[in-house]
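Enquirer: This is the structure alone, sequence omitted:
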């Protein structure tokens, strides 16, 4: 099952997009592509730079608090590369996995490097959920009722507790839980978490702004108050690892949510397409990082230092 799971997730994402195309027509997809103009591209690059800088700053704070060296310049370049990989490969998390493992290897502690990325991404999702709850309590979206009842909350908490108890009795999992808990406690410092929350809130504001740019480019005249609750949930839906470069569940949710809010299912689908393309454009600076890092790797392989005990060649290369 583990071997076929990546393909199954890919098929599910394809099925969602095909189903939406059959239901809403390919015109909504083409409209989304035609709607992208120079202004929306410039806005995507500017917003992408801001959100990348904020997210990279959050990563630096978490990594340094856990004792790992990380400069802002390295964090920004690695974050851009991870976002591009997330945008072009299925599942949408492979870039972060590479970012975590690569930083862990360079720091000499792969486990802590992975936990640093886990905690900084978890902080982002935690702040996003908090903002979502606040938005829903003050401006509930028409037709969308996500308020869980007491039974649902109790069942979810019971399942998480059961998984934690089972994992505690499995030695490798227990070791991971202990290390994660210890690092989590280290991050509960008043010199770290307030700044992490502020940086995460700023990044969420950037994502919402990009969604609004996409909605306007797609032709939606809905107010910010109407769009905000839908956008917040859409950002959470994007965390579901069943997509193709981010496309799939996001478009399905936006079609349903826009339809329920009276904004038009086709408009929601088109907004999702525009947002996906703009998010890809915002991550394009990561291509420069990919190219330069690959070039450095090739140069390191080609230029092999000669050992002192190695026999020296007497003939010139140009004479061969």
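Expert: Yep, that arrived. Please read these numbers as outputs of a predicted model, since none were measured by experiment.

Enquirer: what separates residue 274 from residue 229, distance-wise?
Expert: 19 Å (Cβ to Cβ, to the nearest Å). The C-beta positions use only the backbone N, C-alpha and C, and glycine is treated the same way.

Enquirer: same check, this time on residue 93
Expert: 25 Å.

Enquirer: Surely residue 40 touches residue 219?
Expert: No. Using Cβ atoms under 8 Å, residue 40 is not in contact with residue 219, being 12.0 Å away.

Enquirer: So for these two, which sits in the more crowded spot?
Expert: Higher neighbour count among residue 40 and residue 219: residue 40, with 20 against 14, using other Cβ atoms under 10 Å.

Enquirer: per-residue confidence for the more buried one?
Expert: Predicted confidence (pLDDT) for residue 40: 92.

Enquirer: ditto for residue 271
Expert: In this prediction residue 271 is given a pLDDT of 90.

Enquirer: now residue 263, nearest residue through space, not along the chain?
Expert: residue 222 (5.3 Å; Cβ to Cβ, 6 or more residues apart in numbering).

Enquirer: can you check residue 14 too?
Expert: residue 244 (6.8 Å).

Enquirer: again with residue 59
Expert: Nearest one to residue 59, counting by Cβ to Cβ, 6+ apart, is residue 120 at 4.7 Å.

Enquirer: so for the helix or strand harbouring residue 131, what's the average pLDDT?
Expert: Using DSSP states H and E, residue 131 falls within helix 110-138. The predicted model gives helix 110-138 an average pLDDT of 89.

Enquirer: ok, now stretch 89-98?
Expert: Mean predicted lDDT for stretch 89-98 stands at 80.

Enquirer: For that stretch, what is the distance to the chain centroid?
Expert: On the basis of Cα atoms, centre = their mean, to the nearest Å, stretch 89-98 is displaced by 8 Å from the centre of the chain it belongs to.

Enquirer: thinking again about what came up before, more crowded one of residue 274 and residue 229?
Expert: residue 274 (28 against 21).

Enquirer: how close does that one get to residue 198?
Expert: 29 Å.

Enquirer: pretty sure residue 50 contacts residue 210?
Expert: No. The pair residue 50 / residue 210 is not scored as a contact, 9.8 Å apart, by Cβ under 8 Å.

Enquirer: For the two, work out which one has more neighbours and name it.
Expert: A count of neighbours by other Cβ under 10 Å puts residue 210 above the other of residue 50 and residue 210, at 24 against 17.

Enquirer: Looks like residue 201 contacts residue 126 (just checking).
Expert: No. If you go by Cβ under 8 Å, residue 201 and residue 126 don't touch, sitting 10.9 Å apart.

Enquirer: What is the burial count for residue 126?
Expert: 14.

Enquirer: Could you report the distance from it to residue 85?
Expert: 24 Å.

Enquirer: what's the answer for residue 228, then?
Expert: 29 Å.

Enquirer: Let me know the next secondary structure element after the helix or strand containing residue 166.
Expert: Assigned by DSSP H and E, residue 166 falls within helix 150-168. Counting by DSSP H and E, the next helix or strand C-terminal to helix 150-168 is helix 171-186.

Enquirer: right, and the secondary structure at residue 239 would be what?
Expert: Put simply, residue 239 is coil when judged by DSSP: H, G, I helix; E, B strand; the rest coil.
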